[in-house]
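Novice: With the input below, show me the fold.
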Amino acid sequence: MHTSATSSHYIFNNKSIHYVVLSLLLLVTLYGLTYSFTRGVANAWYFNAEFSLNDWAGEKSIRNLEEYKHGLNSIEKAHSLDPTHPHYVHMLGRIKHWGVDMGFEDKEQLQDIHQWYLLATELRSIWPDPWVDLLRLNNYLYGYNADTKYYIQQALVVGPYIDLVTQGTIQVWLLNWDKLSGKERAALFKQFEIATKQYFVLEHVLKSAKAINRENLLCSQLKYNPDYENIKSSHLYRKYCLK
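Specialist: Numbers count the residues shown, from 1 in each chain. Purely as a prediction, here's the structure:
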């Protein structure tokens, strides 16, 4: 009898453990499915917002408030589902930045946008895009201060040959030419050398320089540096450097 009771108790315990394990596996599976589904939905909303942003960039404008709200709502939904995703944080800042530029948001929002960009760099520090947006906005809000210089250096560390980094750093350096040290001016011309390797990057840099009346600084490099001799016969040189 004792042996029978012990055996029954053993079987009962085994069944209990079996049920506990199955329950835990079921919970883990449900959590995994829920997590995957949530991330999938968030990603769909993100791509919807990205489509809107790319459309605005192509048109260089947002057609109306409804269109802006559509893009904003999309990224806000993505962010609410996955608030620590660096792409969603960065995209939220960029879309709101467009909202300010197009007059759909108050300029006071720029302080919050600055924080979105900063958070994106903290969540993924090796990603150059938010560093570029951050250095540009910080320069606009606070000038060429220690933070702006730091953001420039971080952008160059993680993406020295990335087109967006080349364009953004050169633009901010040119805006602050009179404040640059000799080392910073040398860094500017080093990035300009990278820009000359690609036609569309060089065009963007020259166009931006011309918009702030700084094209002579770059055109003098093209004119007198023998390494750029082939560019002197280009359409870009004639368009931006010959008057």
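Novice: Residue 118 against residue 133, yeah?
Specialist: No - if you go by Cβ atoms under 8 Å, residue 118 and residue 133 don't touch, sitting 9.9 Å apart. All C-beta atoms are positioned from the backbone trio N, CA, C, and that covers glycine.
Novice: who's more crowded, these two?
Specialist: Legend: neighbour count by other Cβ atoms under 10 Å for residue 118 and residue 133, higher for residue 133 (25 against 20).
Novice: tell me the pLDDT at that one?
Specialist: pLDDT for residue 133: 98.
Novice: Return the distance of it relative to residue 197.
Specialist: Noted for residue 133: a distance of 23 Å to residue 197, by Cβ to Cβ, to the nearest Å.
Novice: One more: residue 210?
Specialist: For residue 210, the distance to residue 197 - Cβ to Cβ - is 20 Å.
Novice: who has more neighbours, these two?
Specialist: For residue 210 and residue 197, the more surrounded residue by other Cβ under 10 Å is residue 210, and the numbers stand at 16 against 10.
Novice: Could you list every helix and strand in contact with whatever helix or strand that one lives in?
Specialist: Per DSSP states H and E: residue 210 is located in helix 199-211. The contact analysis (3 or more Cβ pairs under 8 Å, 6 or more residues apart in numbering; DSSP states H and E) places helix 199-211 against helix 163-175, helix 182-195, helix 215-224, helix 235-241.
Novice: Single out the most deeply packed of the ones you listed.
Specialist: helix 163-175 (a mean of 22; mean count of other Cβ atoms under 10 Å).
Novice: got the angle for it vs helix 215-224?
Specialist: Helix 163-175 and helix 215-224 are oriented at 110 degrees to each other (axes from the mean of the first three to the mean of the last three Cα atoms, to 10 degrees).
Novice: Packing partners of helix 163-175?
Specialist: helix 128-142, helix 146-158, helix 182-195, helix 199-211.
Novice: These: which one's closest to residue 102?
Specialist: Across the helices and strands packed on helix 163-175, residue 102 has its closest neighbour in helix 128-142 (15.8 Å, Cβ to Cβ).
Novice: How far off centre is that closest one?
Specialist: Put simply, helix 128-142 sits 10 Å off its chain's centre (Cα atoms, centre = their mean, to the nearest Å).
Novice: in the chain, what spans have low per-residue confidence?
Specialist: Applying pLDDT under 70 to the chain picks out residues 1-38.
Novice: run the last query once more with 80
Specialist: For the chain, applying pLDDT under 80 flags the ranges 1-40, 243.
Novice: What residue spans form the domains of it?
Specialist: Domain assignment for the chain, taken from automatic domain parsing, gives 1-124, 147-243.
Novice: okay, the ones you listed in a markdown table with distance to residue 139 next?
Specialist: Formatted as a markdown table, the domains of the chain follow (distance: least, Cβ to Cβ, whole Å):
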| stretch | distance to residue 139 |
| --- | --- |
| domain 1-124 | 11 |
| domain 147-243 | 5 |
